[in-house]
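K.L.:
requesting a structural model of the entry that follows:
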Amino acid sequence: MKRYFESLRPADHSAINSVPDGLVLVRVQGAQYRWHTYKPYYVIRFAVLEPKQLAGCLITGRLYCSTRAMWKLSWFLRDFGYDTELLNKDEIDDKALVGLKGIVKISHVIVHGLSLLNLDGFAAASRWEELSPSSIADPLPGSEVA
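P.N.:
Reported below is the predicted structural model:
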């Protein structure tokens with residue numbers, strides 16, 4: 001059995017405080033189901049692929065599995081390209097999540113003095129060029145703003 005401890009990794013990979021709010025292209029490094037009476041959830045660990053200055057950073061977030069939050073989990077699975085056969089059977093295989101790529105919109109929030117990472121939205125990895133912050137910051141050549 002392996003255990004993950006966030007504070008053991010090198011300091012340059014610690015991203016909870018260095019990843020700004022916004023869109024990041026990520027790959028799922030690991031997923032673990034956590035049971036809770038009222039709010040079961042998945043702890044998802046992502047490796048940042050883009051933007052380049054954050055590549056290699058690890059971020060961790062929660063996706064809740066309660067009846068009211070199932071829409072968000074489904075959105076994540078669909079946009080990250082989870083196996084449709086398993087999805088149609090209403091099954092989630094933790095190992096099948098590892099390696100999936102997609103875009104996550106993140107934000108930080110402070111709750112009871114703790115800084116938490118929110119997973120606000122998802123998109124398919126194929127849309128990175130269209131949605132990436134660099135494509136928004138660099139206008140197309142020849143385009144004009146009125």
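K.L.:
beta partners for the residue sitting nearest the centre point of the chain?
P.N.:
In the chain, the C-alpha nearest the mean C-alpha coordinate belongs to Val104, at 4.5 Å (Cα atoms, centre = their mean). Judged by DSSP bridges, the bridge partners of Val104 are Val24, Phe122.
K.L.:
was I right to think it contacts Leu119?
P.N.:
Yes. With contacts counted by Cβ atoms under 8 Å, Val104 reaches Leu119, the gap being 5.7 Å. All C-beta atoms are positioned from the backbone trio N, CA, C, and that covers glycine.
K.L.:
find the residues that touch each one of the two.
P.N.:
Shared contacts of Val104 and Leu119 (Cβ atoms under 8 Å, 6 or more residues apart in numbering): Gly61.
K.L.:
for the residue nearest to the centre of the chain, give me its contacts.
P.N.:
Here Val104 is in contact with 23-24, 26, 46, 61, 119, 121-122 (criterion: Cβ under 8 Å, 6+ apart).
K.L.:
for Glu50, same thing?
P.N.:
So Glu50 contacts 24-25, 128, 132 (Cβ under 8 Å, 6+ apart).
K.L.:
which one of these sits closest to Trp71?
P.N.:
Val24 (21.7 Å; Cβ to Cβ).
K.L.:
tell me the contacts of that closest one?
P.N.:
The contact partners of Val24, by Cβ under 8 Å, 6+ apart, come to 46, 48-51, 54, 59, 103-104, 106.
K.L.:
as TSV, the residues you listed with secondary structure would be great.
P.N.:
Listed next are these as TSV, based on DSSP: H, G, I helix; E, B strand; the rest coil:
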residue	secondary structure
Phe46	strand
Val48	strand
Leu49	strand
Glu50	strand
Pro51	coil
Leu54	helix
Ile59	strand
Ile103	strand
Val104	strand
Ile106	strand
